[in-house]
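1. 3D, please:
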Amino acid sequence: MLIKQMSVFVENTTGRLAELTRVLGNDGIDIKASCIADTVDFGILRCIVDDPEEATKVLKENGFTASITEVIAVELEDRPGGFADVLEILAKEQIGVDYIYSTIRSKEGAAIIVLKVQDPQKAIDVLLAHDVKLYKMEEISKMSHVK
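-> Have a look, this model is predicted:
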């Protein structure tokens, strides 16, 4: 249930993010989820892509600094408090959340959130024990955009 996430160092200059996404697009790599945290000089793009190893290799060949970490993707009821329900399960088990972001793909009636947690395997075990739906990369890749 662990999903490989790619993190990319991106200089905070006009067009650099466009260049990064074009490099991925030209290689046929689709971004499934993403977020970017920035400072004055740089940002860190975190994203879920079809093939993180290939994407990392291609980006490095094109002058970007990229690495892979593991995250989990959970399904939430798309209603007020749906996200709180999942976060409370983790909090009760003393599992810290480092950051979150949502997927570009979703499922009608549900939201899919990517979480970087301090103890991924414990989080997986606890969430599954509470009947929280966790996604594999293959499932996210097969989803279409909700219209």
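
2. what about stretch 90-103, start to end distance?
-> Length of stretch 90-103, first residue to last, C-alpha to C-alpha, to the nearest Å: 20 Å.

3. Give the buried residues for that stretch.
-> Across stretch 90-103, burial judged by 16 or more other C-beta atoms under 10 Å covers 90, 95, 100, 101, 102, 103. In this view, the C-beta of every residue, glycine as well, is placed from N, C-alpha and C.

4. Show residues contacting it.
-> Outside stretch 90-103, the residues that touch it by C-beta atoms under 8 Å, 6 or more residues apart in numbering are 32-35, 37, 46, 48, 73, 87, 111-119, 122-123, 126-127, 140, 143.

5. Filter the residues you listed down to the ones in helices?
-> Residues of these located in helices (DSSP state H): 87, 122, 123, 126, 127, 140.

6. Residue 16: what's it in contact with?
-> Contacts of residue 16 by C-beta under 8 Å, 6+ apart are residue 10.

7. And this protein, what are its domain boundaries?
-> 3-70, 72-134 (automatic domain parsing).

8. where does the protein have low pLDDT?
-> 104-107, 143-147 (pLDDT under 70).

9. where do the strands sit along the protein?
-> 3-11, 31-38, 42-49, 65-77, 97-102, 110-117 (DSSP state E).

10. mind putting the ones you listed in CSV, distance to residue 23 included?
-> What follows is the strands of the chain, written out as CSV (distance: least, C-beta to C-beta, whole Å):
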stretch, distance to residue 23
strand 3-11, 10
strand 31-38, 12
strand 42-49, 12
strand 65-77, 10
strand 97-102, 21
strand 110-117, 22
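
11. Cool, thanks, signing off.
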